[in-house]
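Visitor: sharing a model prediction with you, sequence too.
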Amino acid sequence: MDILIDRMENINLDEITFSSVRKMYGTGRAFTFKNSQGGKKTHYRNGCMTAIGDIEKSVWQQAVRELILRANETELFQNLKCWLKDSKMIFRDEKELEDYALDLHAARIFDRTEWVGYVDFNTKFRPEILHK
């Protein structure tokens, strides 16, 4: 059975890592319940399946931001957003860009040599990585 995580209090921030909250795929669940008048109400929950469970999307975003702060990677995250803005990718708005950057950051995309943007990104923002 899937573990549903809908609140930050259900995540042990001292034990999570980027790999434990890396998004494997997005999830969606519909919940139907009766309201006080006897009518049915439906609620839809968006989430991210990770190694630690199915985390509600806004909670997942908050957890990844906390990891970025804890790892002193705020500048790296901003650089990733800047790189994405300058790429030929099209984002509807700043929120969509931010969401995608969180996905990539949690996946540690900038450390993966097979990433198509590995050389370009690291040449611009982390040249020391290329000289190891």
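Guide: Great, that's in hand. These numbers were taken from a predicted model, which means no experiment stands behind them. Numbers count the residues shown, from 1 in each chain.

Visitor: what sits against the closest residue in space to residue 61 that isn't next to it in sequence?
Guide: Nearest in space to residue 61, with sequence neighbours left out and distances taken as CB to CB, 6 or more residues apart in numbering, is residue 102 at 5.7 Å. Using the backbone N, CA and C atoms, a C-beta is placed for each residue, glycine as well. Residue 102 makes contact with 61, 64-65, according to CB atoms under 8 Å, 6 or more residues apart in numbering.

Visitor: domain-wise, how is this protein divided?
Guide: Residue ranges for the domains of the chain, per automatic domain parsing: 1-56, 72-132.

Visitor: check these for me: which has the lowest mean pLDDT.
Guide: Ranked by mean pLDDT, these bottom out at domain 1-56, which scores a mean of 90.

Visitor: picking that back up, so the residue nearest to residue 61, which of the three states?
Guide: With DSSP: H, G, I helix; E, B strand; the rest coil as the basis, the three-state label of residue 102 is helix.

Visitor: over to residue 43?
Guide: Following three-state DSSP, we place residue 43 in the strand state.

Visitor: what is the burial count for it?
Guide: Using other CB atoms under 10 Å, the number of residues around residue 43 comes to 9.

Visitor: about what we covered before: can you pick the most crowded of the contacts of residue 102?
Guide: Result: residue 64 is most packed of the contacts of residue 102 (other CB under 10 Å), 24 neighbours.

Visitor: dihedrals phi and psi, it?
Guide: phi -70, psi -40 (degrees, to the nearest 10).
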